[in-house]
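Trainee: From the sequence below, what's the structure:
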Amino acid sequence: MIIPELPGYLTRLGGEEYKGLIISLFTLTAGLSRPFSGKLTDKVGRIPVMVFGSGVCFIIGFLYPMISSITGFFLLRLFHGFSTGFKPTGTVAYIADIVPANRRGEAMGYSGVFGTIGMASGPALGGQIAISYSLDAMFYTSSAFAILSVLILIGMKETLPKPERFSLEHVKIKRNEIFDPSAIPPSIVMLLTLFPFGVILTVMPDYSEYMGLENKGIIFTVFTLTSLCMRVFAGRASDRYGREKILLAAAVLNATSMLIIGFSTSVAMLVVGSVFYGAGVGMNSPTLFAWTTDLSDEKTRGRAFATVFIALELGIMAGALFSGWIYDNNAENFPVTFVSGAFLTIVAIIYLVGRIRKKRLMMAK
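Mentor: Reported below is the predicted structural model:
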């Protein structure tokens, strides 16, 4: 809800040159908190971790209207990152616990559908509330949705077999508890393919305005709605044809979309590029989470997902910082900014092609 309006909000605070930090600071905290959320998910339970993440989102939404300085704004962005650092880790582990192995992709697709509905409606709704009422009303509305999430979680049954009572030992992270080696392949793909998302989150609000769109959330809605249409189909396809093949198709779509968006000369062309991007994202996310479930051990499932989410945060953070630096509030830099988003996705394509070929050779032997 709030992302499309944050660049303009920061500009009014006098921090126009720091737009790249809006997403990167948020993702920095989210990434740093992943080892903790992963361990707590495996020890204390899936639901407490989800409640904590949603609770942070609820509290922070009320604090944004009280901030009048650039420093205060970025401190809030840092703390807000804990919501993303905890909630998705618990959610994906919970889903992995309750679905059969041969339908993991489909289940992650269904989960993604509901997440995408929120992602699709949020930016447009937030933008409209900001236009019709105020930014403060938008922030308060985001908090209201977060508390609804907590109320739903309270009625759910814990899936961790023997949850432990929380203690300080649970937040002491050893070196071998930071990453799960089994999750390295999906993490590599996640990092490379989420770089463009950091670019879009940082630059798209200004680009939409430059292209003549008053509601900066519209393009976010376009690609998330497309993603919504693709998720269940892609999840089922990955169950049937294999994770890496679907991820390869998704990476090709993402790279193509960045080029179309970067060289758009009309709103229609921008929408087409956004549709391509949404299709790629819709295929990418459920397949990566299902692949992580395939590769991980049941006892360290939370850590495996935390590893993948660390890669997600690094990809988004790098995309946000790099794109903010290239764009530099200069409209002439829009094309090269989006082309940079395509570059790492092409590296992901090369990596996946190599894995598919290696697998074929092993089967041939």
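Trainee: who touches the nearest residue to residue 256 once chain neighbours are set aside in this structure?
Mentor: Closest residue in space to residue 256, ignoring its immediate chain neighbours: residue 276 at 5.5 Å, by C-beta to C-beta, 6 or more residues apart in numbering. All C-beta spots, glycine's among them, are computed from the backbone N, C-alpha and C. Listed by C-beta atoms under 8 Å, 6 or more residues apart in numbering, the contact set of residue 276 reads 253-254, 256-257, 260.
Trainee: And the helix ranked longest in the chain, what does it pack against?
Mentor: For the chain, the helix with the greatest residue count under DSSP state H is helix 334-364. When contacts are defined as 3 or more C-beta pairs under 8 Å, 6 or more residues apart in numbering; DSSP states H and E, helix 334-364 sits against helix 184-210, helix 243-262, helix 301-327.
Trainee: need those helices in JSON lines with mean pLDDT, can you?
Mentor: Output for these, formatted as JSON lines (pLDDT from 0 to 100):
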{"stretch": "helix 184-210", "mean pLDDT": "91"}
{"stretch": "helix 243-262", "mean pLDDT": "94"}
{"stretch": "helix 301-327", "mean pLDDT": "87"}
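Trainee: Among those, single out whichever gets nearest to residue 5.
Mentor: Of all those, helix 184-210 sits nearest to residue 5, with 7.7 Å by C-beta to C-beta.
Trainee: Can you tell me which of the helices and strands packed on helix 334-364 is nearest to residue 43?
Mentor: Set against residue 43 and scored by C-beta to C-beta, the helices and strands packed on helix 334-364 come closest in helix 301-327, at 8.2 Å.
Trainee: Mind listing what's buried along that closest one?
Mentor: Neighbour-count burial for helix 301-327, counted by 16 or more other C-beta atoms under 10 Å, picks out 301-324, 326-327.
Trainee: Show me where the stretch 1-150 of the chain has its helices.
Mentor: For the stretch 1-150 of the chain, applying DSSP state H, counting those that start in this stretch gives helices covering 6-13, 20-43, 46-63, 70-98, 104-132, 135-154.
Trainee: Would you mind writing the CA trace of stretch 280-297 as CSV?
Mentor: Coordinates of each C-alpha in stretch 280-297 appear next as CSV, following Å, rounded to 0.1, in the frame of the first residue of the first chain:
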residue,chain,number,x,y,z
GLY,A,280,7.8,-14.1,-14.7
VAL,A,281,7.3,-13.3,-11.0
GLY,A,282,4.2,-15.5,-10.9
MET,A,283,6.2,-18.4,-12.2
ASN,A,284,9.3,-17.7,-10.2
SER,A,285,8.1,-17.4,-6.5
PRO,A,286,6.0,-20.6,-6.0
THR,A,287,8.5,-22.7,-7.9
LEU,A,288,11.5,-21.5,-5.8
PHE,A,289,9.7,-22.2,-2.6
ALA,A,290,8.6,-25.6,-3.7
TRP,A,291,12.2,-26.3,-4.8
THR,A,292,13.5,-25.2,-1.4
THR,A,293,11.0,-27.6,0.3
ASP,A,294,12.2,-30.4,-2.0
LEU,A,295,15.9,-29.9,-1.0
SER,A,296,15.5,-29.1,2.7
ASP,A,297,15.4,-31.3,5.8
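Trainee: Check the offset of that stretch from the chain's centre.
Mentor: 13 Å (C-alpha atoms, centre = their mean, to the nearest Å).
Trainee: do stretch 143-155 as well
Mentor: 20 Å.
Trainee: Let me see the mean pLDDT of it.
Mentor: Across stretch 143-155, pLDDT averages out at 90.
Trainee: Also stretch 222-239?
Mentor: Stretch 222-239 comes out at a mean pLDDT of 83.
Trainee: Would you mark the buried spots in it?
Mentor: Buried residues in stretch 222-239, defined by neighbour count with 16+ other C-beta under 10 Å: 222-228, 230-239.
Trainee: Name the residues of stretch 10-21 that are buried.
Mentor: By 16+ other C-beta under 10 Å, the buried positions in stretch 10-21 come out as 10, 13, 15, 18-21.
Trainee: How far away from the center of its chain is it?
Mentor: Taking mean C-alpha positions (C-alpha atoms, centre = their mean), stretch 10-21 and its chain are 22 Å apart.
Trainee: which outside residues touch it?
Mentor: For stretch 10-21, the surrounding residues in contact (C-beta under 8 Å, 6+ apart) are 7, 22, 67-70, 73-74, 77, 202, 206, 320-325, 327, 329.
Trainee: Give me the mean pLDDT for it.
Mentor: 81.
Trainee: and it, how far apart are its ends?
Mentor: 10 Å (C-alpha to C-alpha, to the nearest Å).
Trainee: Right, I'll leave it there.
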